[in-house]
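**Q** Got a predicted structure here, sequence first:
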2 protein chains.
Amino acid sequence: MPASEPSPKPTDTTYTTHSGEALQKLLYPRSIAILGASDNPTKLSGRPVEYLKRFGFAGRILPVNPTRETVQGLPAHRSLDDVDVDIDLAMIMLSAERTADAVRACGRRGIPAAIVGASGFAELGDEGAALQRDLRAAIEESGVRVLGPNCLGMIGVRDRAMPTFSSALDEDVPLHEGPVAFLSQSGAFGGFVFNESQNLGIGISHYLNTGNEVDLSVAELLDGLVRTDQTQVVLAYLEGVTGGRRLLAAAREAHERDKPIIAVKVGRSAAGARAAQSHTASLAGEDAVFDGAARQYGILRVDGPEEMLDAAQLFATGRRVRGRGLTSLSVSGGAGALMADSGAQYGLEVRAWDETWQRKMAAAIPAYGSPRNPVDLTGTLLAEPDILRRALRVAVEHPGTDMIAVLLGCADSCATELIDAVEEAHRSTDRPVVVVWTGGSGRPRQRLRDLGIPCYTGPGSAAAALGLLADFSLRPPLPRPQRPDGIDDTAARSVLSAARAAGRRQLDEYESTRLIAAYGIPCAASRPVESAEAAVTAAAELGGPVAVKLLSDRIGHKSDIGGVRLGLGGADADADADAVREAADAVREAADDLFRIAREAGVDDARLLVQRMAEAGTELIVGIKRDPVFGPVVVVGLGGVLVEALADSRVAVAPVDTGTARRLVLSLRGSRLLGAVRGKPPRDVDAAAETIARLSWLAADLSEDIAELDVNPLLLAAEGRGAVAVDALAVLTGPTETE
Amino acid sequence: MPASEPSPKPTDTTYTTHSGEALQKLLYPRSIAILGASDNPTKLSGRPVEYLKRFGFAGRILPVNPTRETVQGLPAHRSLDDVDVDIDLAMIMLSAERTADAVRACGRRGIPAAIVGASGFAELGDEGAALQRDLRAAIEESGVRVLGPNCLGMIGVRDRAMPTFSSALDEDVPLHEGPVAFLSQSGAFGGFVFNESQNLGIGISHYLNTGNEVDLSVAELLDGLVRTDQTQVVLAYLEGVTGGRRLLAAAREAHERDKPIIAVKVGRSAAGARAAQSHTASLAGEDAVFDGAARQYGILRVDGPEEMLDAAQLFATGRRVRGRGLTSLSVSGGAGALMADSGAQYGLEVRAWDETWQRKMAAAIPAYGSPRNPVDLTGTLLAEPDILRRALRVAVEHPGTDMIAVLLGCADSCATELIDAVEEAHRSTDRPVVVVWTGGSGRPRQRLRDLGIPCYTGPGSAAAALGLLADFSLRPPLPRPQRPDGIDDTAARSVLSAARAAGRRQLDEYESTRLIAAYGIPCAASRPVESAEAAVTAAAELGGPVAVKLLSDRIGHKSDIGGVRLGLGGADADADADAVREAADAVREAADDLFRIAREAGVDDARLLVQRMAEAGTELIVGIKRDPVFGPVVVVGLGGVLVEALADSRVAVAPVDTGTARRLVLSLRGSRLLGAVRGKPPRDVDAAAETIARLSWLAADLSEDIAELDVNPLLLAAEGRGAVAVDALAVLTGPTETE
């Protein structure tokens, strides 16, 4: 068994930790051959040459076209063999039918990477799927790493390496180079968002559209990008992730290199998931699982492109915060109040300053301003822009300033002085300084962004971006879960083998309990019995009050048919004979009753489970299941009434350490109930975390066998008094699920 | 007693239903006198004349300045008496000290309305407060209606009536006239937002900054605006509302005239409330109360100026929806999926079309597009823009299309054809058509807005605006609550008088119960007793199991000191003598115990309440209290564990009808628990609604006497089985609260 994370599961077989040389050549090519390059710069197959020329690609542009002497004024090559220099990257603009052979030719020529623009592959049904299989075979034979097919290509902004036919380059928008890479599973929409990013002056390193991902996936590209020095931030627009574990490995790489991933993922709603699925023909997986995995691995998920670009502006500065303290300086008291509201919404704290600091600020601003935080600089600022400079100096100096927001508006006329003051402050500190500039011509916003200072139109978008930056800066380290002690593999596997041998997929409660007990999860003591008399004996041996339950793998929801009796027996050791007899009678009666119920339900071979009643506690539901994208996951929810009221649950990818498990529990919306409420002491959250972690290892170790398993309820006693599983139900994988 | 809504409370004394002539003159002046007008157009006191001249005010501009012959080239008047034409409006640009006399002079001259620009009033402490009192006296003497003081004035866009010194008019932004009025309690920030609205091409009727609201309040201005034909939509930026009832009366007027109010209100967070309060020196009131009142009266509250202006673009079209069905047409499958996600977030439904309609759409779009909803028009659209025209015709024709979103991007080059297609569709239907245009130069967005077609940069902001429009279009009618039958005023008031006579402010449980029972609220039957023997007798008379509780107005939280005993007595009528005796003993023991506890708590004159145990049910907490801004309000929450876990409660302004009360209960986050859950039948929500409505009338009728009253719990039985109040506690107003 593995000592730390489990070995890769079937979904993960091809992941390699280093994407290697080929990816480097793709991202930073010094020579690009364009196969099927057209002389017509407006045709799709003419555009790559056109863009490379127009934007001044620094390397060699090598059109390959057997029918022409020149392409768009450049000498054309009859074939790849005619090219007499090293080729780093081939852009294949041939039909789907001719693409596989072209990849093979690239391989023979020693070209490490290629981009396939043609569509007509798996996205177009059976015939296309056959072509895609052929393409995959060609990739495996040739060793060429391929982006696409059905993709618009790449834009490498620094080198003007633009093997692409995306019309995003035809707009009237200047290019901005910088540390932000953008991966998009959508071609058209990716182009729009790339273009919008340039409108906002966001410095981009690369934009890549991944297409059908027959070879290079979003995950591998992401991993490759975060390993380059140039890329410090990755934006991702995702429609359907395959190979979730690879994505998480890349996210771990990014996390450890302190490089944020800001992702939009469609499929939050049923309608969105349906649309994404019909669009990409890929399995979306369950949104809650993606969401949980993203949280767990520090991927910053945002709702849409606007939020993504708002955040990108800020993250592009490379700055981090050390706390959540926001200092807000505003030309308008109203805007300052609104910033405080928006900040609170995103977890920022606008703390009022103490008197010493208020005095310092008061010296910098007009007498009728407000020197507390938020600071009201007053409209006099527009006549005397130096107020801003003075106030910013105090703000930067204040030890509670983790970040600064400056709220301005209109003021086209004195914009230069105000911007100078902000720039001085921005240069004087390593903490984030952002501007909210509402109204006016828009030119001051543009100017600030050109200076690398994030600028927004309203407080809400600024606060959202700052909140994400705080979340990322203050994220906990990403643990590498260690396998807990005290796991009895043999016992666990023997439960599974016995059920498999009997041809069963559903384990009964006793088997399920033994399975989780083998992973060190405390379970209420219990005995399976086959007769009412045995039940009486078992109850006496267990001691204290007991529950008696129907035990059959053919009865799933036993409580729905009255198959659970609670609080029977339990005569004290020093009870008189009458009491003992009464207790035994109660158990016997219940047992007879349950056997009758089983027979009426058509189950003649039912047994009973006699179980010691657990101390009352707060109910959790803890389960594991297999996600088609991410593999084994663990699900935690508050039990009882809350699960009905709120669908309040959280997901994490298995395995998890106890720290992650603890955060999972505490992030439940109803987690306040686990504190001291209604006169009860706080619950033993550590014990819950331990159980969740152990269950997550069970999920990881046995994911080929276990389709799902629920512990419901896990009773959480008071702090220090542990947790105990009172019921459990496991379902094994069927033939198709183990494929 | 009133037959419908209660008569105005102290906070509402000055509300008049018609703001009259003066407001009309303020909004549409044909002549404006500027008192203290400076010859220098860059000085604050020079700007009003400058703006009126620069933008071409159609009426008379009448500078009043005793020291000059001309002001900015216009003949100056020595005093108001020297002006020989009717003056509709005076803009007073004099110092705070001279302002009151100027208002008196306006009164003598018969000027109906004035704007006071000077600051230095109540916002500046005691001295200013004295000046503000003097100003108020001048207003009352003169009958002049005054906007301000401490305000930047007004911009009337249609008539270019700009008695203002807001620098928002100095920016490089063209003005757009239209149906949207904007009221702001912040001068500077209001100016920024006004300016930004012009950037977005939103047609504005008036922008007004209200300042200290010594006379004209936001509420009265709002009421006046919605009564004009020109204003169809009102935007409001609010910091501290005073006279909440007046605001709601204006909201009712707007609601009934189908004119939406879209409001930003600061103070959602503690820091925001603090900042707003220190900024405006006005009482913010509790945010949850404003929020509840806004929901109740159909005010659309949004988070910030960006959301407000996004919504204003759409509402400015005057269009409404008949349902929540969103038809989405996109050049990119990815954008379509994202639009579906965003739509779902805001309550819109992107429903897949049936085959008949898919065939119709398929005939309009490329074969590899998707004809379901969301419709994927494919990138071919950019080469063949007519696809959009054809697809929009089908979309408009579809009976499930309540609104249309068209998602485009970049495409500067073929923008004209695409915009023409959208405009044709927009003209062909009365349903909303919006465009999301991501990337590109921004010129297409500008062009669409110039055509009156709302346009956004991302799907999220479009969906938020469409969601608000759906909420407003489909809002329920605003009820006029009718006083329920069966209210026994005399009984209620006698409870209050008795307590007042005894000098008490806290009612005990029995008194509180009698109070609510007088309002027809079903309470568990109970008897107050003074001895253990009397408790035994009472228990027997009440029949069934009883609770015995400490009864003293000096013990607030009786359960915290063990002052409640449940499930005592209750021997059946046919029980044997032993059982009857045992039951009586239990009541007696509990009673003795409770008297002892009371004595230990220092209460020697405690009584007990013997109360028949109610049928188990789901717990609600229903309370009333007095809000400083909105007066009596009713608060509803789920009781038990949920109130601890979620702080799950809703507020409405009293009185409410049962329909509103029902919606209040069903809008609780945990309201799912009131349906059929865990094998229990659904709860009697109608009975809860009836109780809440009655309690709200109690709040409205007796608001001068009752500071707060909680019914906790109100036990909600199964549908048709009613609700019963099991405990209640009322606190009367103190001397300061009745002022």
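**A** Alright, I've got the coordinates. Numbering: from 1, shown residues only, chains lettered A, B, ... in the order given.
**Q** State the next helix or strand along the chain beyond the helix or strand of chain A with the lowest mean pLDDT.
**A** When each helix and strand of chain A is scored by mean pLDDT, DSSP states H and E, helix A:641-646 comes last, with a mean of 68. Where DSSP states H and E defines the elements, the next helix or strand beyond helix A:641-646 is strand A:649-653.
**Q** Run through the neighbouring helices and strands of that following strand.
**A** Applying 3 or more C-beta pairs under 8 Å, 6 or more residues apart in numbering or on different chains; DSSP states H and E, we find strand A:649-653 packed against helix A:244-256, helix A:287-296, strand A:631-638, helix A:658-666. All C-beta spots, glycine's among them, are computed from the backbone N, C-alpha and C.
**Q** export the longest one as CSV, just CAs?
**A** Output for helix A:244-256, consisting of C-alpha atoms alone and laid out as CSV, is shown next (Å, rounded to 0.1, in the frame of the first residue of the first chain):
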residue,chain,number,x,y,z
GLY,A,244,-9.4,15.6,-12.5
ARG,A,245,-6.4,14.2,-10.6
ARG,A,246,-4.0,15.6,-13.2
LEU,A,247,-5.7,19.0,-12.8
LEU,A,248,-5.2,18.8,-9.1
ALA,A,249,-1.6,17.8,-9.4
ALA,A,250,-1.1,20.9,-11.6
ALA,A,251,-3.0,22.9,-9.0
ARG,A,252,-0.6,21.6,-6.3
GLU,A,253,2.3,22.6,-8.4
ALA,A,254,0.8,26.1,-8.8
HIS,A,255,-0.1,26.3,-5.1
GLU,A,256,3.5,25.4,-4.0
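**Q** Surely residue A:407 is in a strand?
**A** Yes. Assigned with DSSP: H, G, I helix; E, B strand; the rest coil, residue A:407 falls within a strand.
**Q** Name whatever forms a beta bridge with it.
**A** Beta-bridge pairing of residue A:407 under DSSP bridges involves residue A:330, residue A:436.
**Q** ok, it touching residue A:327?
**A** No. Contact criterion C-beta atoms under 8 Å: residue A:407 and residue A:327 do not qualify, at 11.5 Å.
**Q** the inter-axis angle of whichever strand or helix holds residue A:697 versus helix A:658-666?
**A** Assigned by DSSP H and E, residue A:697 falls within helix A:685-701. Helix A:685-701 and helix A:658-666 are oriented at 110 degrees to each other (axes from the mean of the first three to the mean of the last three C-alpha atoms, to 10 degrees).
**Q** Run a quick neighbour tally on the residue lying closest to residue A:75 once chain neighbours are set aside.
**A** Of all residues not flanking residue A:75 in the chain, residue A:69 sits nearest, at 7.3 Å (C-beta to C-beta, 6 or more residues apart in numbering or on different chains). Neighbour count for residue A:69, taken as other C-beta atoms under 10 Å in any protein chain shown: 9.
**Q** How about residue A:43?
**A** By other C-beta under 10 Å, the residues close to residue A:43 number 13.
**Q** pLDDT score assigned to it?
**A** On the pLDDT scale, residue A:43 is placed at 94.
**Q** again with the one 4 residues further on
**A** pLDDT, the model's per-residue confidence, is 97 for residue A:47.
**Q** how close does the residue nearest to residue A:75 sit to chain B?
**A** Separation of residue A:69 from chain B (C-beta to the nearest C-beta, to the nearest Å): 29 Å.
**Q** these two touch, right, that residue and residue A:78?
**A** No. Checked against C-beta under 8 Å, the pair residue A:69 and residue A:78 is beyond contact range at 9.7 Å.
**Q** Flag every residue of the stretch 1-150 of chain A that's near chain B.
**A** With C-beta under 8 Å from any C-beta of the partner chain as the criterion, the stretch 1-150 of chain A meets chain B at residues A:119, A:123-124.
**Q** will you turn these into CSV that also has pLDDT, neighbour count and secondary structure?
**A** Below are the residues of the stretch 1-150 of chain A next to chain B laid out as CSV (pLDDT from 0 to 100; neighbours: other C-beta atoms under 10 Å in any protein chain shown; DSSP: H, G, I helix; E, B strand; the rest coil):
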residue, pLDDT, neighbour count, secondary structure
A:119, 92, 19, coil
A:123, 83, 19, helix
A:124, 82, 17, helix
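**Q** Name the nearest of those residues relative to chain B.
**A** Within the residues of the stretch 1-150 of chain A next to chain B, the smallest distance to chain B is 6.8 Å, found for residue A:124 (C-beta to the nearest C-beta).
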